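Trainee: One predicted model, sequence on top.
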Amino acid sequence: MASTTRTAKITGQLLNPFAIFTVLFFWVAASESGFASAALYTVVELFAAGVVVAFLLARKRAKQISGFWLTRRQERLLPAVVLIAAGVSLFLLLWALGAGPELLAVTASVFVAAMVVALLTLLWKASAHATVVGHAAVSALILLGWWGVIFALLLPAVLWARVAEGAHTAGQVLAGAAVGGAVAALFLLL
């Protein structure tokens with residue numbers, strides 16, 4: 001049992017929302033705008049992600065949260081506001097830099113999914129990991145074609161890891177994945 005929990009924890013850490021979204025982000029940017037522009041846009045995205053990470057690490061160091069992944073539902077509201085502010089700032093910077101419509105849609109949709117899950121989390125603890133990987137799976141299949149299957153294959157691993165680690169119930173990961181996938185589909189297909 002301990003090795004399963006450890007494997008789940010490692011899987012959840014490696015396939016975390018920041019990593020999954022950054023890979024998707026770069027891939028969409030590169031397919032739409034070329035490598036040089038994708039590199040620039042990804043530096044901007046990493047800066048926005050770094051702001052969120054720095055905020056969480058500072059709160060953890062000050063013992064204001066239980067851990068980086070915010071295991072307690074009550075801890076999630078303020079970090080969600082910071083995440084959304086970083087997302088809006090990222091979107092505006094990308095727009096100002098001339099990013100293409102697909103990259104802007106992926107960026108906007110992941111932050112709308114984050115807002116929906118943040119609101120849901122006021123009542124019930126949905127999985128942010130599952131939200132981002134569900135979003136990435138649907139986004140990648142729509143925008144990258146068959147290459148998107150790579151992200152879809154990550155979905156079961158992340159869902160399993162979050163449940164096996166004891167971070168979420170099956171319902172919480174399924175709800176998160178459904179929100180992420182549905183928001184991606186709404187933004188990218190309509």
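Mentor: Here it is on my side, so go on. Since this is a predicted model, take the numbers as computed values, not measurements. Residues are numbered from 1 along each chain as shown.
Trainee: Please report how far the closest residue in space to Leu24 that isn't next to it in sequence lies from Ala177.
Mentor: Ranked by Cβ to Cβ, 6 or more residues apart in numbering and with sequence neighbours excluded, the top spatial neighbour of Leu24 is Ala136, at 4.6 Å. Bear in mind the C-beta positions are built from the backbone N, C-alpha and C, glycine included. Distance, Ala136 to Ala177, by Cβ to Cβ, to the nearest Å: 10 Å.
Trainee: Counting neighbours, go ahead and name the busier of these two.
Mentor: A count of neighbours by other Cβ atoms under 10 Å puts Ala136 above the other of Ala136 and Ala177, at 31 against 26.
Trainee: so for the strand or helix carrying that one, what's the average pLDDT?
Mentor: Using DSSP states H and E, Ala136 falls within helix 128-144. On average, the pLDDT along helix 128-144 is 97.
Trainee: ok, Glu45 touching Trp27?
Mentor: No: in this structure, Glu45 is not within contact of Trp27 by Cβ atoms under 8 Å, at 12.0 Å.
Trainee: if we can go back for a sec, isn't the residue nearest to Leu24 right up against Ala19?
Mentor: No: with contacts counted by Cβ under 8 Å, Ala136 stays clear of Ala19, the gap being 10.2 Å.
Trainee: Mind checking what helix or strand follows the helix or strand that contains Pro79 in sequence?
Mentor: Using DSSP H and E, Pro79 maps to helix 77-97. Sequence order places helix 101-121 as the next helix or strand after helix 77-97, per DSSP H and E.
Trainee: between that next one and helix 128-144, how many degrees?
Mentor: If you take axes from the mean of the first three to the mean of the last three Cα atoms, to 10 degrees, helix 101-121 sits at 160 degrees to helix 128-144.
Trainee: buried sites along helix 101-121?
Mentor: By 16 or more other Cβ atoms under 10 Å, the buried positions in helix 101-121 come out as 102-118, 120-121.
Trainee: So for that helix, mean pLDDT?
Mentor: Averaged over helix 101-121, pLDDT sits at 93.
Trainee: Counting by contacts, list what it packs against.
Mentor: Helices and strands touching helix 101-121, by 3 or more Cβ pairs under 8 Å, 6 or more residues apart in numbering; DSSP states H and E, are helix 17-33, helix 77-97, helix 128-144, helix 170-189.
Trainee: Below-threshold pLDDT in this structure: ranges please.
Mentor: Low-confidence segments of the chain (pLDDT under 70): 1, 68, 70.
Trainee: start to end distance for stretch 72-79?
Mentor: Length of stretch 72-79, first residue to last, Cα to Cα, to the nearest Å: 12 Å.
Trainee: With stretch 90-109 instead?
Mentor: Start and end residues of stretch 90-109 are separated by 12 Å (Cα to Cα).
Trainee: Pull the residues that contact it.
Mentor: For stretch 90-109, contacts defined as Cβ atoms under 8 Å, 6 or more residues apart in numbering pick out 24-25, 28-29, 31-33, 37, 40-41, 44-45, 48, 87, 111, 135, 139, 143, 183-184, 186-188.
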